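Trainee: Compute the structure for the input listed below.
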Amino acid sequence: MAVNLKVSVRSEINQLMKNITQKTSELTSLKNELKRHERVYNLLGSGRARTRRTRARGKRAVTVDWNSFLKGLPATFTLDHIYKARAVKGKPRGYLRHVVVKWARQHKIKRTGWGRYRKVQGG
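Mentor: Numbers count the residues shown, from 1 in each chain. Reported below is the predicted structural model:
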């Protein structure tokens, strides 16, 4: 009797394993079908917000070589020269002021007045 019970339980386990593999394959096919339907839905224009968010996330800030930027400035310059420079479009003004303060600490420029600076010769 114990042997029959053992064989019966083993056959039940095998049946369950078959069911699990079958359901797993069904699940993967359903996931693929869902992806296909989502793509079609987005192509039809209903998913515009999602694609816009993706584009906005992909936009990266342009890195600036600040040493070469400083070399391109005139001998005396104002903060407006920096703000209007094409290379720093899109950078916050606070960040640009931070860069100017950093240059002053590195003795590359000297402040001559309110928002006015000049390059230091040896800097």
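
Trainee: So in the chain, where's the weakest helix or strand by average pLDDT?
Mentor: Lowest mean confidence among the helices and strands of the chain (mean pLDDT, DSSP states H and E): helix 48-58, at a mean of 54.

Trainee: Would you check how far apart Ser8 and Thr21 are?
Mentor: 21 Å (CB to CB, to the nearest Å). From N, CA and C alone the C-beta is placed, and that goes for glycine too.

Trainee: Check Val101 too.
Mentor: The value you get for Val101 to Thr21, if CB to CB is used, is 65 Å.

Trainee: mind giving me the domain ranges of the protein?
Mentor: As assigned by automatic domain parsing, the chain contains the domains 2-57, 66-119.

Trainee: Let's have these in JSON lines, adding mean neighbour count.
Mentor: Formatted as JSON lines, those follow (neighbours: other CB atoms under 10 Å):
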{"stretch": "domain 2-57", "mean neighbour count": "10"}
{"stretch": "domain 66-119", "mean neighbour count": "13"}
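
Trainee: Which of these comes out lowest on mean pLDDT?
Mentor: For those, mean pLDDT drops lowest on domain 2-57, to a mean of 83.

Trainee: Would you confirm that Leu27 belongs to a helix?
Mentor: Yes. Counting by DSSP: H, G, I helix; E, B strand; the rest coil, Leu27 falls inside a helix.

Trainee: what are the ranges of the strands in the protein?
Mentor: 76-78, 109-113, 116-119 (DSSP state E).

Trainee: Let me have these in a markdown table, extended by distance to Ser68.
Mentor: Converted to a markdown table, these look like this (distance: least, CB to CB, whole Å):
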| stretch | distance to Ser68 |
| --- | --- |
| strand 76-78 | 15 |
| strand 109-113 | 15 |
| strand 116-119 | 13 |
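
Trainee: residues in contact with Gly72?
Mentor: Residues in contact with Gly72 (CB atoms under 8 Å, 6 or more residues apart in numbering) are Ala85.
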